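Peer 1: give the three-dimensional model of this entry:
(one chain, ligands or ions: 1)
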Amino acid sequence: MEFEEFREICKLNGLEIDEAKARLLQSYVSLLIDWNRKINLISRKESDIWGRHILHSISPLFKIEIESSSLILDLGTGGGLPGIPWAILKQDSNFILLDGTLKKVEAVSDIIKKLGLENAKAVWGRAEEISKLNEYRNRFDYVICRAVGELKKVVKWSVKFLKPEIFPKKFLEKTESKFYLHSCSLIAFKGGDVEREINDAFKTSLVSEVDVVELNFLGFERINLEDKKVVLMKLTTKKV
Ligand SMILES: C[S@@+](CC[C@H](N)C(=O)[O-])C[C@H]1O[C@@H](n2cnc3c(N)ncnc32)[C@H](O)[C@@H]1O
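Peer 2: So this is what the prediction gives:
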C-alpha cells in the first residue's frame with residue numbers, strides 16, 4: 001500500500017489526515033525504514049509498512065474515541081508502534097513509549113527528535129521495573145500495547161501504570177458508529193486465540209470489564225489483518 005491509498009482509507013473511515021500530519025507520518029515511515037536497516041524494529045520481510053503497520057496501528061481510532069488530553073503509555077513500543085502514529089494524530093495527548101531494549105529506545109528517541117514531536121518521549125526499561133517508579137506508577141489514562149505478549153502479562157503490568165479510578169465511570173459507551181472509552185483502560189492489539197487469552201487474563205482478578213473490537217473498517221480487506229482484533233479492558237486499578 002502506498003501513502004495515498006492509506007490516506008484514502010482513513011478518509012473513508014472518517015479520519016481526515018491534514019498536510020502537516022501527512023508529512024509527519026511520511027517522515028516517520030522513512031525514518032523507520034532507515035533505522036530498520038541498522039537494527040530490527042519491524043520484520044524486514046514486510047513490504048507493506050503503510051498497510052500492515054501504520055494503518056493497523058491507527059485503525060482502532062476509526063472506532064474508538066478516547067478522552068482528550070490523556071497521558072498514554074505505549075508498552076513495548078519497539079520501533080514506535082502504535083505510539084508514534086497515535087502521537088502524530090492525537091496531538092492533544094502525551095505519550096510515553098516504553099521498551100525494554102535499549103537500541104530500540106535510542107532509535108525511537110532519534111525518530112521523535114527528528115520529527116519534532118513534543119508530545120512523545122521514549123523510555124528504556126522493563127515494564128515490571130518501570131511500573132515501580134513513582135514517576136510512572138498510577139500515572140496513565142490509557143495503556144496501548146501491540147504485539148508484546150500474552151494479555152494476562154500485559155494486564156499485570158498495565159494495572160500498575162494506570163491511574164486509580166476515583167469516581168467510577170462507565171467503561172465504554174457505544175453508539176452506532178463509535179465506542180467512547182473512558183480513561184483507566186487498556187487497549188491491546190491482539191491476534192490468535194483472543195478468547196483464551198481473555199479468559200486467562202480474567203483469572204488474574206485484575207480485569208473487571210472487557211470488549212472486543214473487530215478491525216472490519218472500510219477498506220480492511222485491502223490489507224490482510226486475518227484474525228486481528230483490539231481488546232478493550234477495564235482493569236481493577238487501585239493505588240499501588
Ligand atoms: C514484537 S515487538 C512489538 C513492537 C511494537 N509494539 C510493534 O507493534 O511493532 C515487542 C516489543 O516489546 C518489548 N517488550 C517485551 N517485553 C517487555 C517488557 N517487559 N518491558 C518492556 N518492553 C518489553 C520488546 O523489547 C519488543 O520491542
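Peer 1: SS state for the residue lying farthest from the centre of the chain?
Peer 2: No residue in the chain sits farther from the centre than Phe167, which is 25.0 Å out by CA atoms, centre = their mean. Classification of Phe167 using DSSP: H, G, I helix; E, B strand; the rest coil returns coil.
Peer 1: ok, the one 3 residues further on next?
Peer 2: Remark: Lys170 carries the secondary structure label coil [criterion: three-state DSSP].
Peer 1: that one - nearest residue in space that isn't next to it in sequence?
Peer 2: Distance criterion CB to CB, 6 or more residues apart in numbering; nearest residue to Lys170, sequence neighbours excluded, is His182 at 6.5 Å. The way it works is simple: take the backbone N, C-alpha and C, and place the C-beta from them, glycine included.
Peer 1: okay, now that neighbour: neighbour count?
Peer 2: For His182, the neighbour count with other CB atoms under 10 Å is 17.
Peer 1: just confirm yes or no for stretch 227-240 near the ligand.
Peer 2: No. In terms of CB under 6 Å from any ligand atom, no part of stretch 227-240 sits within range of the ligand; the closest distance is 11.3 Å.
Peer 1: got the contact list for the longest helix along the chain?
Peer 2: Longest helix in the chain, counting residues (DSSP state H): helix 19-38. Under the criterion CB atoms under 8 Å, 6 or more residues apart in numbering, residues 3, 7, 17, 41-42, 44, 49-50, 53-54, 79-80, 84-85, 88-89, 107, 110-111, 114-115, 117 lie in contact with helix 19-38.
Peer 1: next, the buried residues of that helix.
Peer 2: Residues of helix 19-38 classed as buried by neighbour count (16 or more other CB atoms under 10 Å): Lys21, Ala22, Leu24, Leu25, Tyr28, Val29, Leu31, Leu32, Trp35, Asn36.
Peer 1: distance to Arg222 and pLDDT added to the residues you listed, as CSV?
Peer 2: Converted to CSV, the buried residues of helix 19-38 look like this (distance: CB to CB, whole Å; pLDDT from 0 to 100):
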residue, distance to Arg222, pLDDT
Lys21, 21, 98
Ala22, 19, 98
Leu24, 23, 98
Leu25, 18, 98
Tyr28, 21, 98
Val29, 17, 98
Leu31, 25, 98
Leu32, 21, 98
Trp35, 26, 97
Asn36, 23, 96
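Peer 1: among the residues you listed, which one lies nearest to the ligand?
Peer 2: Leu32 (9.6 Å; CB to the nearest ligand atom).
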